[in-house]
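[1] Turn this into a model:
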Amino acid sequence: MMSIFSKNQPTVDNDSISNVSEEIAQESTPEEQVPAVATYAPEPVTRLDSANRSSVLTKPSIISEGFTFEGTITSDGVLNIAGTVRGKITAKSVLIDSTGQVDGELNSEQLVIKGQLKGDVNCEDLNVGPVAHVDGNISYKYIHIQRGGKVAGKFIKN
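    Numbers count the residues shown, from 1 in each chain. Model prediction:
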């Protein structure tokens, strides 16, 4: 049997080792003494601490098309929105897909809008897609609006 915690080393049952040792000792003559069998102790498992976990890539959180969420979303990772969100969003990176709609407050480092956004936004890097509709108070550091993207409201460069 292989254990996921033993770096692909087989796990050994100590009871089965003693049974095998007794069987070998019974089959051998007194002149043929079998050497003692060493028991196997698996290496201890080291857990990742929080500093190492932050460097591990995570899968995005997804609000699927046809799904409506009302409330507060907080994430240290990526959030993809293809459905509807009403409320407050805080995430490292947010993608509002072409079918996605957000109505509320949004805070993120990277924000890509392909769908609709209405509300107050605070981000560093804003990318507005060609079919996007953005309306609200938008605070940004860098901005890119693709041809066809519609924007309205107050835009504040940080």
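[2] Helices along the protein, start to end?
    For the chain, the helices defined by DSSP state H cover 14-27, 50-55.
[3] show me where pLDDT drops low in the chain?
    Screening the chain residue by residue with the criterion pLDDT under 70, one finds the ranges 1-57.
[4] Can you give me the neighbour number for Val102?
    Other residues within reach of Val102 by the criterion other CB atoms under 10 Å amount to 27. Every residue, glycine included, has its C-beta placed from N, CA and C.
[5] can you pull up the bridge partners for it?
    Note on Val102: beta-bridge partners by DSSP bridges are Val85, Leu117.
[6] OK, contacts around it?
    81, 84-86, 89, 96, 115-119 (CB atoms under 8 Å, 6 or more residues apart in numbering).
[7] Kindly present these as JSON lines, with separate columns for distance to Thr72 and neighbour count.
    Listed next are the contacts of Val102 as JSON lines, based on distance: CB to CB, whole Å; neighbours: other CB atoms under 10 Å:
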{"residue": "Ile81", "distance to Thr72": "14", "neighbour count": "29"}
{"residue": "Thr84", "distance to Thr72": "15", "neighbour count": "19"}
{"residue": "Val85", "distance to Thr72": "10", "neighbour count": "26"}
{"residue": "Arg86", "distance to Thr72": "11", "neighbour count": "14"}
{"residue": "Ile89", "distance to Thr72": "8", "neighbour count": "25"}
{"residue": "Ile96", "distance to Thr72": "17", "neighbour count": "27"}
{"residue": "Gly115", "distance to Thr72": "20", "neighbour count": "22"}
{"residue": "Gln116", "distance to Thr72": "20", "neighbour count": "19"}
{"residue": "Leu117", "distance to Thr72": "17", "neighbour count": "27"}
{"residue": "Lys118", "distance to Thr72": "17", "neighbour count": "16"}
{"residue": "Gly119", "distance to Thr72": "13", "neighbour count": "20"}
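[8] Was I right to think Glu65 contacts Ile81?
    No. Because the distance of 9.5 Å does not satisfy CB atoms under 8 Å, Glu65 is recorded as not touching Ile81.
[9] For the two, list the residues in contact with both.
    Where contact means CB under 8 Å, 6+ apart, the residues bridging Glu65 and Ile81 through contact with each are 97, 100.
[10] Near the residue nearest to Lys150 when sequence neighbours are not counted, how many other residues are there?
    Leaving out its chain neighbours, the residue that sits closest to Lys150 by CB to CB, 6 or more residues apart in numbering is His133, at 4.9 Å. His133 has 16 neighbouring residues, counting by other CB under 10 Å.
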